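Asker: show me how the following folds:
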Amino acid sequence: MKIIHSYLAASITTALFTSPVFADVAEDTQDTQDIEVIEVSGDFHRRTLNETTSSVSIIDKDAMQQRHSQHLQDTLNSFANVNFSGGTSTARFIQIRGIGERSQFVDPVTPSVGLLIDGIDYSGLGSAASLFDINQVEVFRGPQSGRFGVNAMAGLLLLDSTAPSSDFNGEFQLSAGNYSEAMGGLAMGGSLGVLGNARFSVSQFQQDGYMENTYLDRDDTEQRDELSARFLLDTELSKDWLLQTVLHYN
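Answerer: This is a model prediction of the structure:
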């Protein structure tokens, strides 16, 4: 009888010690399932960041809001091997790994660094890259000519707006700062019935600039007055066909 009691005690002790181990495994599994998956949309096929063979860096909407980024140039400093120049204006010319335009009096015919916003080519026009309602920014380092043509010899910057959805949603943003800086933005989206899902965003940015002209007694010689409006419409024609309409105004 003593032997039987010993076995029972050993079994109960083992069960008490092993039960927390199973709980830890369950918690680890749950944590693994909650890991965020980052997708790259600028490759030949939409795939996760870990599956992409190119040198790609991505910054999402939450990270841009934490940095209080208003313009593309506010995020470029967070990417390695990426520089920009714009003189007294915002970042218009971008260089990746030392290749790219810096400043020209005549617009370059074939820029070395491409810039796409919602699939529209803005290469050489970085001043139009407002980040309001932009979902994520992707930076491709190295030649991307096979995917985007001659404008991406050194690399590519890809900006995607928040995609339209069937659920009605919206957001607004207001900010103010020194040098008479003021910014306002509004974005709304939802279902339009048979037309599909749509999203519209508009933003306005104004600033007097950092220089003061004492001779002319003016403090707005570097004035910025930027208006940006975007409209996206996804219309499902059939099970296999989707029509995407993109309209921009800058």
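Asker: can you give me the buried ones in the host helix or strand of M188?
Answerer: If you go by DSSP states H and E, M188 is part of strand 181-191. Buried residues in strand 181-191, counted by 16 or more other CB atoms under 10 Å: M183, G185, L186, A187, G189. To be clear about C-beta, it is placed using only N, CA and C from the backbone, and glycine gets the same treatment.
Asker: and those residues, which is the shakiest by pLDDT?
Answerer: Lowest pLDDT within the buried residues of strand 181-191 is found at M183 (92).
Asker: my understanding was that it contacts S69; is that so?
Answerer: No: look at M183 against S69 with CB atoms under 8 Å: they stay out of range, at 11.3 Å.
Asker: so what sits against both of these two?
Answerer: Counting by CB atoms under 8 Å, 6 or more residues apart in numbering, M183 and S69 have no shared contacts at all.
Asker: partners of the strand holding M188 in the sheet?
Answerer: strand 169-177 (antiparallel), strand 197-207 (antiparallel) (DSSP bridges).
Asker: any regions of this structure where pLDDT drops low?
Answerer: 1-47, 49-53, 86-89, 103-109 (pLDDT under 70).
Asker: all the strands of it, in order from the start?
Answerer: 39-40, 47-48, 55-60, 82-85, 93-96, 113-117, 120-121, 134-141, 155-161, 169-177, 181-191, 197-207, 224-236, 242-249 (DSSP state E).
Asker: now the last one and strand 155-161, what's the angle there?
Answerer: If I follow you right, that is strand 242-249. Per axes from the mean of the first three to the mean of the last three CA atoms, to 10 degrees, the angle that strand 242-249 makes with strand 155-161 is 100 degrees.
Asker: so V82 makes contact with I94?
Answerer: Yes: taking contacts as CB under 8 Å, V82 lies within contact range of I94: 7.0 Å.
Asker: quick check: neighbours shared by those two?
Answerer: In contact with both V82 and I94: L76, using CB under 8 Å, 6+ apart.
Asker: mind checking which of the two has more residues around it?
Answerer: Neighbour count, other CB atoms under 10 Å: between V82 and I94, I94 has more, with 30 against 20.
Asker: where's that one relative to G100, distance?
Answerer: Separation of I94 from G100 (CB to CB, to the nearest Å) stands at 6 Å.
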